[in-house]
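In: coords please:
(chains A and B)
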Amino acid sequence: DQQVKQNSPSLSVQEGRISILNCDYTNSMFDYFLWYKKYPAEGPTFLISISSIKDKNEDGRFTVFLNKSAKHLSLHIVPSQPGDSAVYFCAASDDKVIFGPGTSLSVIP
Amino acid sequence: DAGVIQSPRHEVTEMGQEVTLRCKPISGHDYLFWYRQTMMRGLELLIYFNNNVPIDDSGMPEDRFSAKMPNASFSTLKIQPSEPRDSAVYFCASSLGSNTEAFFGQGTRLTVV
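Out: Residues are numbered from 1 along each chain as shown, chains lettered A, B, ... in the order given. Predicted structure coming up:
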C-alpha cells in the first residue's frame, strides 16, 4: 500500500499560469516533506521542503503548503515556465524518505 | 565534490547473469540509499545505510538482491541471478541525515533480456 500518493500522473499548464501539484499521505508519523524534480536521464534533484510544524514554505516561484489534518500537501509554481517541465516527486519521511509515484508537468509556451 | 557517482550508466545483461551496480556517495554524507524507479511503482526505497551499516533493507524485493557498503566511499547493489522484471533505473543517493535532502546520482538503467 502506497504511503505517499500523487493521484495525477500528468498535468499541463500554460506558460505564466500557476501549476499546482498535489500529494496525499497516509502515515501520520511523517514529520518532514520534500519535493524533488526530475528531468529525463537525470537523477531527482531537491526542490523544496517543509517541516510538519509549518503550514507553508516559500522559495522564489515555488511554495509548498501542508495541511496536516487532511494529510495533504501541494506544490505551487507561479509563474510556470517551460523549463519547469519535468516529473515532480513528493516525498515524506519519519526515519526514512518515501517517495510518491510522481507527476509529469508540461508547461506549454 | 562531483556529486554522487554511479556506474555503469547503462547495463544490458542476459537473464540469469549476475549484475553489480556501483555507487560513490558524496564525501561526508553518513547516509546512502538505493532506490529503484519503475513505471508501475515510481521510486521505491530498496535499502539504506548509516555509517556503512545497513539500517533498513525491507524494500529489497527478493533474496536475489544484496547490497554492501564496505567503506564510506563505496557501495554496491548486486542482483544474482537477474530476471527481466528487474529491468528498471536504479538510483543511489546520499545525505547528511536519514530524512534530509538527498543528493541523487544519475542512475543506472538496467535491462535484463
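In: when you work out contacts or count neighbours from here on, use the C-alpha atoms and nothing else.
Out: OK.
In: low-confidence regions, chain B specifically.
Out: Low-confidence regions of chain B, defined here as pLDDT under 70, cover residues B:1.
In: partners of the residue positioned nearest the centre of chain B in the sheet?
Out: The centre of chain B sits closest to B:Trp34, judged by CA atoms, centre = their mean, with a distance of 3.3 Å. Following DSSP bridges, B:Trp34 is listed with bridge partners B:Ile47, B:Cys92.
In: shouldn't it be in contact with B:Leu46?
Out: Yes: counting by CA atoms under 8 Å, B:Trp34 does reach B:Leu46; the two are 5.5 Å apart.
In: does the one helix or strand in chain A whose mean pLDDT sits lowest reach chain B?
Out: One helix or strand of chain A scores below all others by mean pLDDT, DSSP states H and E: strand A:97-99, with a mean of 91. Yes: part of strand A:97-99 sits near chain B under the criterion CA under 8 Å from any CA of the partner chain, namely A:Val97, A:Ile98, A:Phe99.
In: tell me the contacts of the last one?
Out: When the contact criterion is CA atoms under 8 Å, 6 or more residues apart in numbering or on different chains, the partners of A:Phe99 are A:Val4, A:Phe89, A:Cys90, A:Ala91, A:Ala92, B:Gly42, B:Leu43, B:Glu44, B:Leu45.
In: please list only the buried members of those residues.
Out: A:Val4, A:Phe89, A:Cys90, A:Ala91, A:Ala92, B:Leu43, B:Glu44, B:Leu45 (16 or more other CA atoms under 10 Å in any protein chain shown).
In: closest one of these to A:Asn67?
Out: If you rank the buried ones among the contacts of A:Phe99 by distance to A:Asn67 using CA to CA, A:Ala92 comes first, at 13.4 Å.
In: how near is the closest one to A:Lys71?
Out: 11 Å (CA to CA, to the nearest Å).
In: who touches both of those two?
Out: Joint contacts of A:Ala92 and A:Lys71 (CA under 8 Å, 6+ apart) are A:Tyr25.
In: return the distance of stretch B:43-60 from the chain's centre.
Out: 9 Å (CA atoms, centre = their mean, to the nearest Å).
In: my error: substitute stretch A:24-33 in the last question.
Out: Worked out by CA atoms, centre = their mean, stretch A:24-33 lies 13 Å from the chain centre.
In: same question, stretch B:104-113
Out: 9 Å.
In: that stretch and chain A in contact?
Out: Yes: using CA under 8 Å from any CA, stretch B:104-113 reaches chain A at B:Phe104, B:Gly105, B:Gln106, B:Gly107.
In: do the same with stretch B:11-24
Out: No: figure legend: stretch B:11-24 not in contact with chain A (CA under 8 Å from any CA); closest approach 13.1 Å.
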